[in-house]
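Peer 1: Structure, please.
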Amino acid sequence: MTILVTGATGTVGQHVTELLVQRGSSVKALTRNPERARAKLPEGVQIAAGDLMKPETLKEALQGIEAMFLIISSDEPNADLNTDPQVVALAEAAGVKRVVVLVGYEEGPVEESLRASGMQWTLVKPAEFMANVLADWRETIRTEGVVREFFGDALSARVHESDIAAVAVEALLGDGHHGRSYPLTGPEALTRREAVQAIASAIGKDISFIELAEEDARQQWREQGYDEESVEFFVQMAKNPPEAGYTVLPTIEQVLGRPARKLSEWAAEHKRVFLS
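Peer 2: Predicted structure coming up:
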């Protein structure tokens, strides 16, 4: 069968695409930027132009699709994406049988539409991505050997993006996942201070942790390109993180038959980008 991957150049979507190709699946990647997608995705992946906020642009891309990996929003700063729930109806009308959705902290109209559809569906609900470290900490680790962060005692059970993708792929290709909601975490809950030290040990570099005052943290996020709503969200998440964000769960091991990867493993895989 042919599987449509939306957000195929994103943090999770790129891993989903690569894993599907490795398992011999026919993959079509939906993107608003075909040239960028061709440069980033494996050879043999079909590229289809379309915009999840404009359902009418998806009709051609959905032709011949039996399963779909669907994102609700983008994980990139200032990326304008809020998937229109009409995408679900279009997918069902086109003959899609199975949909796996990457969900944020709260469900919305897309998930509601999916539950009401006649398609098989699975929700994948990850905690904080380990990949967020690249956007937040990479540059100062690389150039200064320091992380400046707000609320150093905030806990997070960060999850490896390739583990998220692996669960999504199992749900796309395997049986027994219909109607399931999979909350995903890494195998440990670390404070921000502990996370920095785990990275330091993994890459073999001394890294200092400097705790920022709240206003300094807000300004840092603004300079990184986040809007005020996102900045306020980050502050509240640091002060009052939801229990789901730091409660370690066995879901990944239950679905994949192996333990979730630790932050230290992720950091070792990305060692080059922190040191070059």
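
Peer 1: all helices of the stretch 151-276 of the chain, in order?
Peer 2: 161-173, 192-203, 214-223, 228-239, 243-246, 251-256, 263-269, 271-275 (DSSP state H, counting those that start in this stretch).

Peer 1: Out of those, which is the most enclosed?
Peer 2: helix 161-173 (a mean of 24; mean count of other C-beta atoms under 10 Å). Yep, even glycine has a C-beta here, placed from its N, CA and C like the rest.

Peer 1: Restrict that helix to CA atoms and write it as PDB.
Peer 2: What follows is helix 161-173 as a C-alpha-only set of coordinates in PDB (Å, rounded to 0.1, in the frame of the first residue of the first chain):
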ATOM      1  CA  GLU A 161      12.000  11.500  18.000                       C
ATOM      2  CA  SER A 162      12.900   8.200  16.300                       C
ATOM      3  CA  ASP A 163      11.100   6.300  19.000                       C
ATOM      4  CA  ILE A 164       8.000   8.400  18.300                       C
ATOM      5  CA  ALA A 165       8.300   7.600  14.600                       C
ATOM      6  CA  ALA A 166       8.900   3.900  15.200                       C
ATOM      7  CA  VAL A 167       5.600   3.700  17.200                       C
ATOM      8  CA  ALA A 168       3.800   5.600  14.400                       C
ATOM      9  CA  VAL A 169       5.200   3.200  11.800                       C
ATOM     10  CA  GLU A 170       4.100   0.200  13.800                       C
ATOM     11  CA  ALA A 171       0.600   1.700  14.000                       C
ATOM     12  CA  LEU A 172       0.600   2.300  10.300                       C
ATOM     13  CA  LEU A 173       1.800  -1.100   9.200                       C
END
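
Peer 1: Between the helices of the stretch 151-276 of the chain, which one is closest to Gly50.
Peer 2: helix 161-173 (18.9 Å; C-beta to C-beta).

Peer 1: For stretch 22-40, buried residues please.
Peer 2: 25, 27-32, 37, 40 (16 or more other C-beta atoms under 10 Å).

Peer 1: from memory Ala29 sits against Leu41, does it?
Peer 2: Yes: the criterion here is C-beta atoms under 8 Å, and Ala29 meets it with Leu41 at 5.7 Å.

Peer 1: Which neighbours do the two have in common?
Peer 2: Shared contacts of Ala29 and Leu41 (C-beta atoms under 8 Å, 6 or more residues apart in numbering): 8-9, 17, 47.

Peer 1: Between the residues you listed, which sits nearest Thr83?
Peer 2: Distances from Thr83 to the shared contacts of Ala29 and Leu41, taken by C-beta to C-beta, are shortest for Ala8, at 14.2 Å.

Peer 1: Pull the number of nearby residues for that closest one.
Peer 2: 27 (other C-beta atoms under 10 Å).

Peer 1: Mind telling me what element the nearest residue to it once chain neighbours are set aside is part of?
Peer 2: Sequence neighbours aside, Ala29 is the residue nearest to Ala8 in space, at 3.5 Å (criterion: C-beta to C-beta, 6 or more residues apart in numbering). If you go by DSSP states H and E, Ala29 is part of strand 26-31.

Peer 1: Could you list the low-pLDDT ranges of this structure?
Peer 2: Applying pLDDT under 70 to the chain flags the ranges 74-80.

Peer 1: In terms of helices and strands, where is Ile3?
Peer 2: Going by DSSP H and E, Ile3 is in strand 2-6.

Peer 1: Tell me the buried residues in that strand?
Peer 2: Applying 16+ other C-beta under 10 Å to strand 2-6 flags 3-6 as buried.

Peer 1: what packs against the helix or strand that it is followed by?
Peer 2: The C-terminal neighbour of strand 2-6 among helices and strands, as given by DSSP H and E, is helix 13-22. Packing partners of helix 13-22 (3 or more C-beta pairs under 8 Å, 6 or more residues apart in numbering; DSSP states H and E): strand 2-6, strand 26-31, strand 65-71, helix 161-173.

Peer 1: report the angle between the axes of helix 13-22 and helix 161-173?
Peer 2: Angle, helix 13-22 to helix 161-173, by axes from the mean of the first three to the mean of the last three C-alpha atoms, to 10 degrees: 50 degrees.

Peer 1: Nothing else from me, thank you.
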